[in-house]
Every structure is written in C-alpha cells, then in structure tokens.
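Q: Next comes the sequence, and after it the predicted model I'd like to discuss.
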Amino acid sequence: MKYRRNIKEAVLLVIKGVVMGMANKIPGVSGGMIALAAGFYEELIYSFSRFDTNAIKVLKIQGFKAFYNRVNGSFLVLLFTGVGISFFTISLLLDFLIDNYPNQVLGMFYGMISVSVFFIWKKISVYKIKDYIGTFLGVITGITLLWINPGSENDNLIFVFFCGMLSISGMTLPGLSGSLFLLILGNYNLLLVDSVNAIYYTLVDLFSGNGIGWDIPERKRLLWVFIMFTFGSATGLVFFSKLLHFVLFRYHDLTISILVGFILGSLGSVWPWTNENSIGILNKVTLFESPYKEYFLPTNLDISVLSTLFFLLLGGLIVFQLERYGNKSAV
C-alpha cells in the first residue's frame, strides 16, 4: 500500500495533526475520530501496523531509509509534527480555554463529532443487518461509559503502564476517548497534566544548563510515570493497530459501523450543558441523568448559550470543510 501527497496535502496533514493532538486532551473526544472524519484513519492504522519484528529486521539489514519507507515514515513525521506542535503550544491554550470557557470548547467538539458521524456513515455504501447491529452495540458501549464513576489517582507504575495501553485507544479507536478512560481511571491529571508539566520543566532546565532535575523527588516520580505511560502507550499502539488493520481489511463495513456507534454513544461525554460545566443555570430542561451528571438544555438565550451554539456550528463547519477539501484533493 503506497501513499503520495503534494505540498498542500502535506501542510494540511500537519494541521490535522494539530487538531488531533488537541482532541486527545479532551475527555470524551477521540483523536481517532478526527482521523476518521478527516480521511486519514486507514492510513494511520496501516502505518502503525507496520511496526513489527520485520520492520526491525529491515532496519538492521537494509538501513534506515528502507525502514522509513516500510512504516510510511513521511506520513507519520508530518502527522506527529502537528501533534507535537499542539502538545506544547495549542494544547496549553486549550487547557486555559477549558478552565475558563468549558461550554464553548465542548460545544465546538460536539459540533465536530456530530457532523463527522454523517461523513463516516457514508463510508459504507450499503448498510446490512449486521452493520446496524454493530452500530447499535457501539452506541450501547459508548453510553455505558457515561455511567462509570471516575476512580482515584494511582501512580503505581504497572497501573500507569496499563493506563498507557488504554489511553492509546483514543488514537486507534474513533469514539473511544483515551483521555476519558484516564478520567474514569482517576489518572487524567497525573498523566496528561502533571507529568507533561514535569517534562516541560525538565526541558527548560536542560536547555538552561541546570540538568534534568532527577534529584528532585517529585520531578523524579513524575518522570518515571511519564516514561511508563509512554511505554504502555507504544505497546498498546502496536497491538491495537495490528488488530484494527486486520479487521478493517477483513470486515471493513462492520468495523466502520461499530465505530459509528461508538461515536454516537460517546456524544454525551462532550455535551456542553451539564451540571459540571454550566453551574448556576436555572432555566433549563433536563434531558437525562446518569448517576454522576445531569445533562440538560438551557432555555434562556444569554451570551454564554449563544456563544456555545456559535462554536458548535463552527466545529461542524470545520469538519465539513476538511471533508470537502479532502474530496477535492482526492480527485
């Protein structure tokens, strides 16, 4: 399987990587969903699946260039350049926006996910009974996540490794948010905030000539946490990508239909109006309640509600334009 892209497509892929990196930090939003909606999901899974023992043999015998070509290195470099840019720049801004404007941020991602479902659905030319069953089971699985009580923080390194394996599902399984899994397991702040901040301050100290701070107990603890989390993520990435590459090749339509269900079922995770994100709103209509959260629709059109609706529409428009551009590039 060979992929080719021109300069404009390469720049767009970097931008998609930025969006994907942002999405992976939002509980309930899946980076894999961005990949599927933006049209590069199957190439992503194919590239990840190429990392195996044969790739190591190619590296040893034929050299780095052959290895680079085998794993579709140009695609991965462009994509993860965008993810890296997001990780250390836009994601920091996103943290600020989530803390201060949670409704608007969630509204934007809700719009992106909602519109993406339509385009993902179109990937199946004819829905069969088994595909409808797959979508139904996917919806049930997604909704089930809304009813799970978040756990407490645990920095045991074996547990952190397990968290890494699960969190990578957000990149490989559209609709299953890795950050939501971390939130449920109680390690969201530890792994996506505290350990990332430790890496940032370590890099600052390193470039300032102050060492890596290994003699600081808290820094050392968080660096070990980050290392095990990264190792777990890499292990999960290889495992899940190989599994998904197999099922996409053998059962493409059924797999896509299940992923559609996952996305539909997970929509509640990014619904912008809940008792966690919209505290103090009195004029509302309750849609439904889980044991831990109320989901409602505000009935007063104040500036907060209107701005959230604006960003919801903006998110949908972004996905629509990405799909439109992708179709033009493919012609």
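A: That came in fine, so what should we check first?

Q: Next, I212: secondary structure please.
A: coil (DSSP: H, G, I helix; E, B strand; the rest coil).

Q: Look up phi and psi at it.
A: I212 adopts backbone torsions of phi -100, psi 0, taken as degrees, to the nearest 10.

Q: Begin at 34, not 1, for the rest of this chat.
A: I'll keep to 34 as the first residue from here, and by that count the last item is I245.

Q: surely it meets Y234?
A: No: contact criterion CB atoms under 8 Å: I245 and Y234 do not qualify, at 9.6 Å. Bear in mind the C-beta positions are built from the backbone N, C-alpha and C, glycine included.

Q: Determine the residues that are contacts of both of these two.
A: Residues touching both I245 and Y234 by CB atoms under 8 Å, 6 or more residues apart in numbering: R252.

Q: Please point out which parts of stretch 251-268 sit buried.
A: 252, 254-263, 265-266 (16 or more other CB atoms under 10 Å).

Q: Look up how far I260 lies from S266.
A: Separation of S266 from I260 (CB to CB, to the nearest Å): 11 Å.

Q: Oops, could you answer that again for K326 instead?
A: To I260, K326 is 34 Å away according to CB to CB.

Q: Where does R252 sit: helix, strand or coil?
A: Applying three-state DSSP: R252 is helix.

Q: Same check on the one 4 residues further on?
A: L256 falls in the helix class when you classify it by three-state DSSP.

Q: correct me, but it touches I232?
A: Yes: contact criterion CB under 8 Å: L256 and I232 qualify, at 7.5 Å.

Q: Can I get stretch 99-108 in PDB, CA atoms only?
A: What follows is stretch 99-108, C-alpha atoms only, in PDB (Å, rounded to 0.1, in the frame of the first residue of the first chain):
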ATOM      1  CA  ALA A  99      14.100   1.100   3.900                       C
ATOM      2  CA  PHE A 100      12.700   1.100   7.400                       C
ATOM      3  CA  TYR A 101      11.300   4.600   6.900                       C
ATOM      4  CA  ASN A 102       9.600   3.600   3.700                       C
ATOM      5  CA  ARG A 103       8.200   0.400   5.300                       C
ATOM      6  CA  VAL A 104       6.500   2.200   8.200                       C
ATOM      7  CA  ASN A 105       5.200   5.100   5.900                       C
ATOM      8  CA  GLY A 106       7.600   7.400   7.700                       C
ATOM      9  CA  SER A 107       6.700  10.600   5.700                       C
ATOM     10  CA  PHE A 108       3.100  10.400   6.800                       C
END
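
Q: Counting neighbours, show which residues of that stretch come out buried.
A: 100, 103-105, 107-108.

Q: And stretch 268-281, by the same measure?
A: Going by neighbour count (16+ other CB under 10 Å), the buried part of stretch 268-281 is 269-271, 273-275, 277-278, 281.

Q: for stretch 144-154, same thing?
A: Buried positions in stretch 144-154, judged by neighbour count with 16+ other CB under 10 Å: 144-150, 152-153.

Q: And stretch 278-297, by the same measure?
A: Buried positions in stretch 278-297, judged by neighbour count with 16+ other CB under 10 Å: 278, 281, 286-297.

Q: go on, stretch 325-336?
A: Residues of stretch 325-336 classed as buried: 326, 328-329, 331 (neighbour count, 16+ other CB under 10 Å).

Q: Can you name the residues that contact L112?
A: L112 makes contact with 46-47, 49-50, 53, 73, 77 under the criterion CB under 8 Å, 6+ apart.

Q: Just the ones in helices from the residues you listed, please.
A: In this view, the contacts of L112 that belong to helices under DSSP state H are 46-47, 49-50, 53, 77.
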